[in-house]
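Student: Would you be able to build a 3D model of this:
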Amino acid sequence: MRKIFHIIRKEFLQLLRDPRLFPVIFLSPIAQLIVLGYAANLDVRNIPVVVSDLDRSQTSREFLARFENSGYFRFQGRAAKPSEIDRWLDHSLASVAIVVPRRFGSDLAAGKTVQIQLIMDGAESQSAIIGFSYASMIVAKYSRDILLQTLSRSGLTIPGGGLSHKVRVWYNPDLKSRNFFVPGVLATLLMIMTMLLTSQGIVKEKEMGTMEQLIVTPVRSWQLVLGKLLPFLIIGLVDIGLVVIVATFWFKVPVKGSVPLLFALGVVFMMTTLGLGLFISTISRNQQQAMMTSSFFMMPQILLSGFVFPLENMPKIIQAISTIIPLRYFLVIIRGLFLKGVGMETLWNEAAALLVFGLAILTLSTLLFRKRLG
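Tutor: Numbering: from 1, shown residues only. Below is the predicted model of the structure:
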């Protein structure tokens with residue numbers, strides 16, 4: 001252990017001699033979490049709308065006011081005729097267009113069914129789907145209000161009974177996508193930082209020619225590997241603490257579960273990232289090659305882990321491939337600890353999968369590293 005301690009001490013001394021690394025190691029994760037925490041947001045508000053009101057009556061203005069006052073839509077302008085809508089959508093000046101037909105008010109007063117036209121910009125599919133849902137709810141409520149007013153003027157009432165519902169949302173009552181994404185950003189940043197630092201740190205020894213000096217010292221290969229990986233594990237734990245503080249006090253996303261369990265399972269997850277970093281450093285000849293190889297391993301994990309796209313929406317073959325992605329399991333763990341407050345009894349399957357992956361990847365990478373040293 002004394003030899004391992006000296007290797008760890010050497011690694012931290014190297015970090016101290018390179019002051020440019022400190023912002024990258026400790027400040028970069030915080031800055032990225034703040035930026036991505038605001039950028040990764042699926043809450044759609046203030047959808048830009050262009051209106052073509054061909055009726056221009058009091059009724060049509062009241063109807064359009066429902067959209068403007070809902071908080072979901074923001075009126076950008078008005079088109080005198082429907083043909084002018086193309087310019088607004090083509091230049092991305094609006095995502096939704098509303099066309100109110102002529103005789104809108106008089107036809108409604110006469111009890112006729114009136115059709116309005118909603119045009120969505122399908123190039124922004126997410127906003128279009130959510131905007132369509134919001135618009136449909138506003139139109140349905142307006143239609144119901146007209147029906148109630150008509151029945152009231154006729155002296156009729158709607159019979160009692162029927163079905164009602166009361167919605168209760170668990171774990172994220174306000175349905176803020178930020179509460180879902182911030183823990184995911186933490187997991188992704190931890191993967192990127194530890195994998196890059198490990199691969200770059202060992203390859204740097206090769207480029208500087210100091211790896212040969214370490215090999216000829218009376219240090220066994222497993223001691224060398226452990227001494228090289230433990231500093232990055234410690235840095236990863238520090239980054240977890242810093243990012244958790246930012247997530248809790250800046251974004252107001254507290255850890256509802258056990259914080260010690262978060263750190264413990266973070267260590268298990270970092271076994272996979274450190275092992276991949278060691279593997280990348282073994283097959284790479286320089287830092288540039290290690291950087292490119294790291295991106296090759298990181299992108300599939302980000303895309304197939306469920307961080308951005310729901311796994312349930314993927315084809316069955318892609319879902320099967322995602323079962324070998326370690327980040328997938330850590331995302332379940334970290335969101336469970338942050339949002340649900342669950343414990344080890346619930347996260348046991350994901351923790352066991354991470355442990356198996358971590359031991360396998362770390363063992364294979366260590367054996368390959370020892371073979372290259374030999």
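
Student: Give me the contacts around stretch 118-132.
Tutor: 42, 44, 47, 72-73, 85, 89, 92, 94-99, 135 (Cβ atoms under 8 Å, 6 or more residues apart in numbering). In short, each C-beta sits where N, CA and C put it, glycine included.

Student: so of these, which ones are in helices?
Tutor: Among these, DSSP state H puts 85, 89, 135 in helices.

Student: doesn't Asn46 make contact with Gln76?
Tutor: No: applying Cβ atoms under 8 Å as the test, Gln76 and Asn46 come out as separate, 10.0 Å apart.

Student: what's the domain layout of the chain?
Tutor: 2-41+175-373, 47-153 (automatic domain parsing).

Student: chain center to the last one, what's the gap?
Tutor: The offset between the C-alpha centroid of domain 47-153 and the centroid of the whole chain comes to 32 Å, using Cα atoms, centre = their mean, to the nearest Å.

Student: okay, how far is it across it, tip to tip?
Tutor: Domain 47-153 has an end-to-end distance of 36 Å (criterion: Cα to Cα, to the nearest Å).

Student: per-residue confidence at the residue at minimal distance from the centre of the chain?
Tutor: Nearest to the geometric centre of the chain sits Phe181, at 3.9 Å (Cα atoms, centre = their mean). Note for Phe181: predicted pLDDT of 85.

Student: mind listing what's buried in the strand or helix carrying it?
Tutor: Secondary structure assignment for Phe181, by DSSP states H and E: helix 177-208. Neighbour counts using 16 or more other Cβ atoms under 10 Å place 178-206 of helix 177-208 among the buried residues.

Student: What lies in contact with stretch 70-89?
Tutor: Contacts for stretch 70-89 (Cβ under 8 Å, 6+ apart): 44-54, 64, 67-68, 93-97, 99, 117, 119, 121, 131, 134-135, 138.

Student: Under the pLDDT cut-off, which ranges of this structure? List them.
Tutor: Where the chain drops to pLDDT under 70, the residues are 1, 40-43, 154-165, 209-216, 218-219, 370-374.

Student: now the strands: where do they sit in it?
Tutor: 47-53, 73-78, 96-100, 117-120 (DSSP state E).

Student: Which two of the contacts of stretch 118-132 have the greatest separation?
Tutor: Greatest spacing in those, by Cβ to Cβ: Leu42 and Val99 (27.7 Å).

Student: re the thing from before, can the domains of the chain go into CSV with extra columns for distance to Lys166?
Tutor: Shown next, in CSV, are those (distance: least, Cβ to Cβ, whole Å):
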stretch, distance to Lys166
domain 2-41+175-373, 16
domain 47-153, 17
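
Student: Out of these, which is closest to Arg168?
Tutor: domain 2-41+175-373 (11.8 Å).

Student: When Leu42 and Val99 are compared, which one has more neighbours?
Tutor: Neighbour totals were compared for Leu42 and Val99, and Val99 leads with 18 against 13 (other Cβ atoms under 10 Å).

Student: Quick one: residues contacting that one.
Tutor: 52, 54, 82, 85, 116-119.

Student: and it, bridged to which residues?
Tutor: For Val99, the beta-bridge partners under DSSP bridges are Ser52, Gln117.

Student: thinking again about what came up before, what subset of the contacts of Val99 is buried?
Tutor: Of the contacts of Val99, these count as buried by 16+ other Cβ under 10 Å: 52, 54, 85, 116, 119.

Student: what's the most distant pair in those?
Tutor: Applying Cβ to Cβ across the buried ones among the contacts of Val99, the maximum distance is between Leu54 and Ile119, 14.1 Å.

Student: circling back: buried subset of the contacts of stretch 118-132, written for ChimeraX?
Tutor: To isolate the buried ones among those in ChimeraX, judged by 16+ other Cβ under 10 Å, type:
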select :44,47,72,73,85,89,94,95,96,97,98,99,135
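
Student: neighbours around the closest residue to Lys340 other than its chain neighbours, how many?
Tutor: Nearest residue to Lys340, sequence neighbours excluded (Cβ to Cβ, 6 or more residues apart in numbering): Tyr171, at 5.2 Å. Residues contacting Tyr171 under the criterion other Cβ under 10 Å number 14.

Student: is it true that Tyr171 touches Leu337?
Tutor: No: taking Cβ under 8 Å as the definition, Tyr171 is not a contact partner of Leu337, at 11.6 Å.

Student: rewinding a little: now for the helix holding Phe181, which elements pack on it?
Tutor: Contacts defined by 3 or more Cβ pairs under 8 Å, 6 or more residues apart in numbering; DSSP states H and E place helix 177-208 against helix 28-39, helix 210-216, helix 221-249, helix 259-283, helix 287-304, helix 326-335.

Student: Could you tell me the angle between the third one and helix 177-208?
Tutor: Looking back up the chat, that one is helix 221-249. Angle of helix 221-249 versus helix 177-208, following axes from the mean of the first three to the mean of the last three Cα atoms, to 10 degrees, is 150 degrees.

Student: So which elements touch helix 221-249?
Tutor: Against helix 221-249 (3+ Cβ pairs under 8 Å, 6+ apart) you get helix 2-16, helix 28-39, helix 177-208, helix 259-283, helix 344-373.

Student: Show me which residues of that helix are buried.
Tutor: 221, 223-233, 235-237, 239-240, 243-244, 246-247.

Student: Just give the nearest non-adjacent residue to Leu242, would you?
Tutor: Leaving out its chain neighbours, Leu242 is closest to Ile30 (Cβ to Cβ, 6+ apart), at 5.8 Å.

Student: what's the burial count for that neighbour?
Tutor: Neighbour tally, Ile30, other Cβ under 10 Å: 16.

Student: just to revisit the earlier point, nearest to Phe369, out of the helices and strands packed on helix 177-208?
Tutor: helix 259-283 (4.9 Å).

Student: Helix 221-249 and that closest one, what's the angle between them?
Tutor: Using the same axes, to 10 degrees: helix 259-283 against helix 221-249 is 130 degrees.
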